[in-house]
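Novice: Here is my input, please return the structure:
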Amino acid sequence: MKVENIKPGIGSVVATDRKSLLTDQGARQCLDLLADRAVLVFPGIGLSDEDQLALTDLMGDRVNFTRHVPGGDTVADDVYTITLDPAINTETEYVLGTYFWHMDGLTSDIPPPRVSLLGARRLAAKGGQTEFASTTAALQALPDDERAKLEGLSVVHSVVSAVRDVADPEDLHPMRRDMRHRHPLVWKNSAGRPSLLIVYSAESIPELPRAEGRALLARLLEWTAQPAFSLRHHWQEGDLVIWDNTAALHRVVPYAADSGRMMHRTTVAGTELAA
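Specialist: As a prediction, the model looks like this:
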């Protein structure tokens, strides 16, 4: 693999071929790079769904927490089709919610997914770029006293909060309306690396008064999204992007519902308990 860093705090472009990537060694190299870079871009590698699933399995156990939403398992088992095409997606609020900073699977009653893999199948003529921000780099850059105040706090994530600007709670599917899960605000993986689980789905910090908790979440999100810790990927068909789901926020630049944009996501399961 030839690796070129995008910014000091986040992201690398990786030049390799399909055959080299789809090996135990290739998967291990990806995981090693993710631990430091958070986001990996593979320009034009052109993986099929079968290839993407194979790489997912090489990186760990796969998980499918979107099987029961529109677009889940549409093209293949454990491949989630992300699109606003009404022929595939009849509940567009969940894709519209990705216009805002999020991490995958935080509202599900599972360990936070470890790695997300996203392949570009069809692009929008305008919009549709994906932005990423490193919550590890952002946390490390905070003053020591501010970091210390975050230890021991937790955060509740909910679907209602995730789509609050695009849908009313009563319009959501009843099962998803009640989906919420509590996580530590400062997440530590098995290697002890800390990151922040601060995304648009965060609705409250139980240890703080509501206004104080919401204000803290807003400030941390603004801090993390600054240019030093973030990047924007301009997709080309066939690109693959892999990111550490507990260390990188992501959001899509809005695009037209009839643009035809279609992305395929697969996911590596998380196994770590809250520290």
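Novice: low-confidence ranges in this protein?
Specialist: Counting by pLDDT under 70, the chain shows low-confidence ranges at 70, 272-275.
Novice: Now do the helices in it.
Specialist: For the chain, the helices defined by DSSP state H occupy 18-21, 24-37, 49-59, 93-96, 135-141, 144-150, 159-162, 174-177, 210-224.
Novice: can you tell which of those helices is closest to H68?
Specialist: Checking the helices of the chain against H68 by C-beta to C-beta gives helix 174-177 as the closest, at 7.9 Å. In this view, the C-beta of every residue, glycine as well, is placed from N, C-alpha and C.
Novice: residues of that closest one that come out buried?
Specialist: By neighbour count on 16 or more other C-beta atoms under 10 Å, the buried set for helix 174-177 is 176-177.
Novice: same check, this time on stretch 62-81
Specialist: 62-66, 69-71, 78-81.
Novice: Please apply the same query to stretch 88-105.
Specialist: Buried residues in stretch 88-105, counted by 16+ other C-beta under 10 Å: 89, 91-105.
Novice: Looking at these, which one is closest to D239?
Specialist: T98 (17.1 Å).
Novice: Now that closest one: closest residue in space, sequence neighbours ignored.
Specialist: V252 (5.2 Å; C-beta to C-beta, 6 or more residues apart in numbering).
Novice: I'd like to know how many residues surround the one you found.
Specialist: For V252, the neighbour count with other C-beta atoms under 10 Å is 21.
Novice: Surely L55 is in contact with T23?
Specialist: No - counting by C-beta atoms under 8 Å, L55 sits too far from T23 to count as a contact (9.5 Å).
Novice: Compare the two (neighbour count), which wins?
Specialist: Using other C-beta under 10 Å as the criterion, L55 and T23 rank with L55 on top: 26 against 13.
Novice: For the closest residue to that one other than its chain neighbours, which residues are in contact?
Specialist: The shortest distance from L55 to any residue other than its chain neighbours is 5.8 Å, reached at L22 (C-beta to C-beta, 6+ apart). Under the criterion of C-beta atoms under 8 Å, 6 or more residues apart in numbering, the neighbours of L22 are 51, 54-55, 58.
Novice: got it, and S230?
Specialist: For S230, the contact set (C-beta under 8 Å, 6+ apart) comprises 10, 131-134, 224.
Novice: repeat for L106
Specialist: By C-beta under 8 Å, 6+ apart, the contact list for L106 reads 112, 157, 181, 183, 197, 199, 201.
Novice: Give me the neighbour count for the last one.
Specialist: As a burial measure, the neighbour count of S201 was computed by other C-beta under 10 Å and equals 26.
Novice: cool, and the fourth one?
Specialist: Neighbourhood size, H183 [other C-beta under 10 Å]: 19.
Novice: I'd like the distance between the residue lying closest to it once chain neighbours are set aside and L150.
Specialist: Residue nearest to H183 in three dimensions, not counting chain neighbours: L197, with 5.0 Å by C-beta to C-beta, 6+ apart. Distance of L197 to L150, given as C-beta to C-beta, to the nearest Å: 11 Å.
Novice: more crowded one of these two?
Specialist: Higher neighbour count among L197 and L150: L197, with 22 against 18, using other C-beta under 10 Å.
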